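**Q** Everything below, folded, please.
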Amino acid sequence: MFLPGWKANRLSRSILWSITCWGLMSTGPVMLTNRAQAESPAKPPNVVVIFMDDMGYADIGPFGAENFKTPNLDRMAKEGRKFTDFVTSTAVCSASRAALLTGCYHRRVGISGALGPGSRIGIHPNETTLAELCKQENYATACFGKWHLGTQKKFLPLQHGFDHYYGLPYSNDMWPFHPAFVDLPADSPKRKNNYPDLPLIEGNQIIDPEVTAEDQCQLTTDYTRKAVEFIDQNHDRPFFLYVPHSMVHVPLFVSEKFAGKSGAGILGDVIMEVDWSVGEILNALRRHQLEENTLVIFTSDNGPWLSYGDHAGSAQPLREGKGTMFEGGYRVPTLVWWPGKVPAGTDCDELASTIDILPTVARLLNTELPKHKIDGHDIRPLIFGEAGATSPHQAFYCYYKGGELQAVRDRRWKLHAPHSYRTLNGRTGGTGGKPVKYDQQKIGAELFDLKNDVGETTDVSAQHPQVVARLMAELEKGRADLGDRLTGTRGSGIRPAGQADPSPNQK
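**A** Here you go, the predicted structure:
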């Protein structure tokens, strides 16, 4: 319960928070005067994370989109900081979300792939989420959007630090109209084993057991309305707002107010609506004069689902997309906004990740980190544009396919381990919401210079044997800690996922 006397009761921590935030940045471009420090707001910052689904690197204006307009995201970039080398833990839904919320590689917390409606696992109750971290400091917390970390009540947001939840429990294509099943004959065995009806949840209760296409058209609007209402209701206390949009994951749906408005097909319409949503959230912060006390991060869970063609985004100039650990799969468009704190109109090309958000927020709130191991780092120096700030990641492990360690990288170099991957081989994807099949290719042990070859086009392993040796040693460290399915390494640092309760007929 929130105490009305919060400021008075926590004065000492507020002073320490101010010293931590500003004192460590005395050499940075956003240094405050002593007077400004004295006048800084007493309460710690609000935190807003807007998390897209399957958004490609080049899907918004600040990262190169040209066929449709994203004025609110353009303004966010102009007033904030663009991260051009911001990556996720992996290139698939549930695993990526587990990493964001725990500050850990998804392998560490036992969640890989995309959990379906019948999944028997979910986020473990012993993991500390971003919301639980904020609750340590009496924050109001809310999640409006796609969850995808387990469907039983024990796995849902209200059991993991959130005061409010409204949204879908998993991806919006996990319903009876999935394109892999919908065109099959009614008596087809595969059709009979199709996904169940898609539910909409509020709190811990299903409020709509059968989400329709018409309902999906309103999801972005509904999530946005809930987010703005939450800001309106909690503007006088610290809050953490998490908005994991269902879009731009296929199937694409858009409200009537944006349908046909982009001139670039439904994908353009959907992204324009997402841009509107960002504008509504930022405007709510401005309306309550919270912009100078709120950190807002806009990012995505992974890259575009390229097999869907005109319903998928673009990862240009990166290689491949969702479902691979090439840069197009896990490097995502990311904007950080905090007027007066984050240097406006700047870029950061240092390696950073969604797993860094939790420890960074912990330092901003001056609260304790989880007792168990996490993998993220405090990236405040990068966010605040401190002179000479560099990536804290000596090595970053790139996982996909149920625990297969496919690559390891640092600030500049990326070494791929031999593995197979899916690709369109230069073919175009499907049309009208129907995918085409991927081809399978293999890559050997190849080294890429990401600072000079972000498209991973030229293997330079022969020219840099010392770099290969160093990253190969890091690869073995990753295998020992987090395992590797291909080598049969179990991994000593993996924690279990939460286990679903038995269904009545299993007891």
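**Q** going forward, measure contacts and count neighbours with C-alpha atoms only.
**A** OK.
**Q** Can you give me the separation between Lys153 and Arg97?
**A** Per Cα to Cα, to the nearest Å, Lys153 is found 18 Å from Arg97.
**Q** Tell me which of those two has more neighbours.
**A** Remark: of Lys153 and Arg97, Arg97 carries more neighbours, 29 against 14, as counted by other Cα atoms under 10 Å.
**Q** buried set for stretch 242-257?
**A** 242-255 (16 or more other Cα atoms under 10 Å).
**Q** and the residue lying closest to Cys398 once chain neighbours are set aside, what does it touch?
**A** Sequence neighbours aside, Ala407 is the residue nearest to Cys398 in space, at 5.0 Å (criterion: Cα to Cα, 6 or more residues apart in numbering). By Cα atoms under 8 Å, 6 or more residues apart in numbering, the residues touching Ala407 are 325, 397-399, 414-417, 475.
**Q** Sitting in helices, which of these do you find?
**A** Leu475 (DSSP state H).
**Q** Can you give the domain ranges for this structure?
**A** 46-383, 397-482 (automatic domain parsing).
**Q** Just put those in TSV and tack on mean pLDDT and distance to Gly498.
**A** Formatted as TSV, these follow (pLDDT from 0 to 100; distance: least, Cα to Cα, whole Å):
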stretch	mean pLDDT	distance to Gly498
domain 46-383	97	4
domain 397-482	97	16
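**Q** returning to that earlier point: got the contacts of Ala407 as a markdown table, with distance to Gly110 columns?
**A** Compiled in a markdown table, the contacts of Ala407 are given as follows (distance: Cα to Cα, whole Å):
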| residue | distance to Gly110 |
| --- | --- |
| Met325 | 19 |
| Tyr397 | 15 |
| Cys398 | 15 |
| Tyr399 | 12 |
| Lys414 | 25 |
| Leu415 | 24 |
| His416 | 23 |
| Ala417 | 22 |
| Leu475 | 19 |
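**Q** So which of the contacts of Ala407 is the closest to Gln440?
**A** The nearest member of the contacts of Ala407 to Gln440, counting by Cα to Cα, is Met325 at 14.0 Å.
**Q** do you know how far that closest one is from Leu447?
**A** 14 Å.
**Q** before we move on, what about Val228?
**A** Distance from Val228 to Leu447, by Cα to Cα: 46 Å.
**Q** So these two - more neighbours on which side?
**A** Counted by other Cα under 10 Å, Val228 and Leu447 do not tie: Leu447 has more neighbours, with 27 against 20.
**Q** Need the three-state assignment for that one.
**A** In terms of secondary structure, Leu447 is strand; the call rests on DSSP: H, G, I helix; E, B strand; the rest coil.
**Q** can you tell me which residues contact it?
**A** 413-416, 459-461, 468.
**Q** go again using 6 Å as the cut-off
**A** By Cα atoms under 6 Å, 6 or more residues apart in numbering, Leu447 lies in contact with 414-415, 459-461.
**Q** is it true that His106 touches Ala99?
**A** Yes - assessed by Cα atoms under 6 Å, His106 is found in contact with Ala99 at 4.9 Å.
**Q** before we move on, back to that, doesn't the residue nearest to Cys398 fall inside a helix?
**A** No - using three-state DSSP, the secondary structure at Ala407 is strand, not a helix.
**Q** Use 655 as the first number from now on
**A** Sure, I'll start numbering at 655, so the last one becomes Ala1061.
**Q** For it, name its beta-bridge partners.
**A** Cys1052, His1070 (DSSP bridges).
**Q** quick one: it and Lys1096, what's the gap?
**A** The value you get for Ala1061 to Lys1096, if Cα to Cα is used, is 13 Å.
**Q** Tell me the buried residues in stretch 830-840?
**A** In stretch 830-840, counting by 16+ other Cα under 10 Å, buried: 830-833, 835.
**Q** residues making contact with the longest helix anywhere in the chain?
**A** Longest helix in the chain, counting residues (DSSP H): helix 919-941. The contact list for helix 919-941, computed with Cα under 6 Å, 6+ apart, reads 722, 724, 726, 878, 882, 908, 912-913, 916, 945, 965.
**Q** Closest one to Pro1024 out of those, please.
**A** Glu945 (28.4 Å).
**Q** Can you get me a residue count around the closest one?
**A** By other Cα under 10 Å, neighbour count at Glu945 equals 20.
**Q** what's the spacing between Gly963 and Lys807?
**A** 36 Å.
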